[in-house]
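Chemist: Sequence first, then the predicted structure:
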Amino acid sequence: MITCIRSCAWAICWSESQNRHFYRNNVDLVFSGDTILYVGTDYTGRVDVEIDGRQIMAMPGLVNVHTHPSMEPSYKGIREEHGVAEHYMSGLYERCAVFMPDEHGQRAGAELAYSELLLSGVTSVADLSIAYDGWKNLAEKSGLRVWMAPFFASAKWYVDNRHEVKFHWDEAAGWRGLEDAVKLIDDIESSELLTGMFYPAQIDTCSEELLRAAKAAADARGLVMTTHIAQSVMEFNIMVQRHGKTPIQWANDIGILGSNCLLGHAIFIDEHSWLHWHTRRDLEVLSETGSAIAHCPNVFSRYGQTLEDFGKYRRAGVKIGIGTDTNPHNMIEEMRCAAICARIAAENIFTTTTEDVFNAATIGGASALGRRDLGRLAPKCKADIVLLDLEHPAMRPIRDPMRSLVYAASDRAVLDVYVGGRQVVANRKVLTLDMHDACERLEKSQHRMIAEVPKLDYAGRNVDEIAPMSFSRNISSTI
């Protein structure tokens, strides 16, 4: 079947010769099966299905390189203002110690998050999750291109006071986790839309031997390895105490960086203003090794933290993709946050442009995942296509529709989404998943998770003591 989106008012097309996206008007976008056949004007070939594009902008599907869909939806209403001052404002370690959704909650959360991703124009996603029953089936059902990255580690964090992060080490569990990851990844090898990714969880929770083994397994299969690194001041200080050098430099010394290495966050590098470290080598190391970073600005901005800055990393030659590390799972909002945080950090509006963040959300992510057929509207590329409603009030007036999308309309303008030529969103509705039912199940799961918090917290606190509500409840005085 040949589908033609006829006379798209606007399209973001790809120029191979110039290696960049560019605007075109009145474009015919034609695809068959999972592949784009034609991008241009006055298509005269056979057409089986024709779609009127006169009020539409077509763009390539967005590529999300870092997200935790099975976990983060359970934290809605909990983590947005949760932080620990003694952990340099991060709430990561305390939250991981006491908030853990069960498998029912993980499945519900993933279904909701996948739906949100599709509705914001994401067609490819790196899903970093603790493996749960039904993960593969749900990923396939979603219609997304999913890089399944099962968690494994040599240690787990725990806290028993307000100022330290401690570790329960279990090397055997780390090796078992790697073996299980290999089985899962090998099991999905023949899947059309699923790909494996090796995910030793964090640079501080994995032994050197486990990290090396994970990188070797990824190299042997031609896959990507990802890990969290330089994601907090606490982690930076822990790694300096262990090794006398920055997390980035230590990772380079043990040989795990490279063109198939995707680093979650990489914010607290040696020149970050919160650290006052004496070297200025980390950006050079990232660039020279060809390592990519997954930039997730939204979640860190809530802690009062930011990458310093996106534009500087880019100019240093560092490959950058964008992810949604927290709620909402909205790539367009992450693009906006990336641009604004970069300008604030640099005190310079020109440090990062809309084109820069769109590149990160498309070709940057595709490059990090080793795919030159994604993130582009061009013949022979995959038919991962997003259609935007130019009649939506937030998109008008239409002088520069990408700016209107990023800074005003966001996901409200996303009308239809195709992954590999298959329509997965139609008229703002996800066709593959039941978003409402997922919300109902997630609500019940969050109640169960919250009930367990006092049993897990070192001080026996409940959820309201750890993450107070925005307003007090049940005030009895007369207003």
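Modeler: Yep, it's here.
Chemist: Now the residue most central in space within the chain: closest residue in space that isn't a chain neighbour?
Modeler: Closest to where the C-alpha atoms of the chain average out (C-alpha atoms, centre = their mean) is residue 323, at 2.3 Å. Of all residues not flanking residue 323 in the chain, residue 66 sits nearest, at 2.9 Å (C-beta to C-beta, 6 or more residues apart in numbering). C-betas here are computed from N, CA, C, even on glycine.
Chemist: Same question for residue 129.
Modeler: Excluding its sequence neighbours, the residue lying closest to residue 129 (C-beta to C-beta, 6+ apart) is residue 70, at 4.3 Å.
Chemist: Next, count neighbours for the one you found.
Modeler: 27 (other C-beta atoms under 10 Å).
Chemist: Show me what the helix ranked longest in the chain is packed against.
Modeler: The residue-count maximum for a helix in the chain (DSSP state H) belongs to helix 435-456. Where contact means 3 or more C-beta pairs under 8 Å, 6 or more residues apart in numbering; DSSP states H and E, helix 435-456 is packed against helix 92-98, helix 103-119, helix 463-466.
Chemist: Can you lay out those helices as CSV showing mean pLDDT?
Modeler: Formatted as CSV, these follow (pLDDT from 0 to 100):
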stretch, mean pLDDT
helix 92-98, 96
helix 103-119, 98
helix 463-466, 97
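Chemist: quick one, which of those is nearest to residue 28?
Modeler: With C-beta to C-beta as the criterion, residue 28 lies closest to helix 103-119 of the helices and strands packed on helix 435-456, at 24.8 Å.
Chemist: now the helix or strand just after that closest one: how far from the chain's centre is it?
Modeler: Next helix or strand after helix 103-119 toward the C-terminus (DSSP states H and E): strand 122-129. For strand 122-129, the distance from its own C-alpha centre to the chain's C-alpha centre is 7 Å (C-alpha atoms, centre = their mean, to the nearest Å).
Chemist: Pull up the pairing partners for strand 122-129, direction included.
Modeler: strand 62-67 (parallel), strand 145-152 (parallel) (DSSP bridges).
Chemist: what's the angle between the longest one and helix 103-119?
Modeler: With axes from the mean of the first three to the mean of the last three C-alpha atoms, to 10 degrees as the criterion, the two stretches strand 145-152 and helix 103-119 enclose an angle of 150 degrees.
Chemist: Do me a favour and average the pLDDT over whichever helix or strand comes after strand 145-152.
Modeler: Heading C-terminal from strand 145-152, the first helix or strand you meet, by DSSP H and E, is strand 155-158. Averaged over strand 155-158, pLDDT sits at 98.
Chemist: cool, stretch 348-366 as well?
Modeler: According to the model, stretch 348-366 has a mean pLDDT of 98.
Chemist: what's the closest of the helices and strands packed on helix 435-456 to residue 327?
Modeler: Closest to residue 327 of those is helix 103-119 (C-beta to C-beta; 8.1 Å).
Chemist: Which neighbouring elements make contact with that closest one?
Modeler: strand 62-67, strand 122-129, helix 135-142, strand 414-419, strand 422-426, strand 429-430, helix 435-456.
Chemist: would JSON lines of the strands paired with strand 122-129 with distance to residue 333, mean pLDDT and mean neighbour count be doable?
Modeler: Below are the strands paired with strand 122-129 laid out as JSON lines (distance: least, C-beta to C-beta, whole Å; pLDDT from 0 to 100; neighbours: other C-beta atoms under 10 Å):
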{"stretch": "strand 62-67", "distance to residue 333": "12", "mean pLDDT": "98", "mean neighbour count": "29"}
{"stretch": "strand 145-152", "distance to residue 333": "21", "mean pLDDT": "98", "mean neighbour count": "25"}
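Chemist: could you dump those to JSON lines with distance to residue 464?
Modeler: Below are these laid out as JSON lines (distance: least, C-beta to C-beta, whole Å):
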{"stretch": "strand 62-67", "distance to residue 464": "28"}
{"stretch": "strand 145-152", "distance to residue 464": "29"}
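Chemist: if we can go back for a sec, next one: phi and psi at the residue nearest to residue 129?
Modeler: Main-chain torsions, residue 70, degrees, to the nearest 10: phi -80, psi -10.
Chemist: Show me the contact partners of the longest helix of the chain.
Modeler: 73-74, 76-77, 97-102, 104-105, 107-109, 111-112, 115, 460-463, 466 (C-beta atoms under 8 Å, 6 or more residues apart in numbering).
Chemist: again, only using 7 Å
Modeler: 73-74, 97-102, 104-105, 108-109, 111-112, 115, 460-463, 466 (C-beta atoms under 7 Å, 6 or more residues apart in numbering).
Chemist: buried residues in stretch 133-147?
Modeler: Buried residues in stretch 133-147, counting neighbours by 16 or more other C-beta atoms under 10 Å, are found at 135-136, 138-140, 142-147.
Chemist: go on, stretch 287-301?
Modeler: Buried, per 16+ other C-beta under 10 Å, within stretch 287-301: 289, 291-301.
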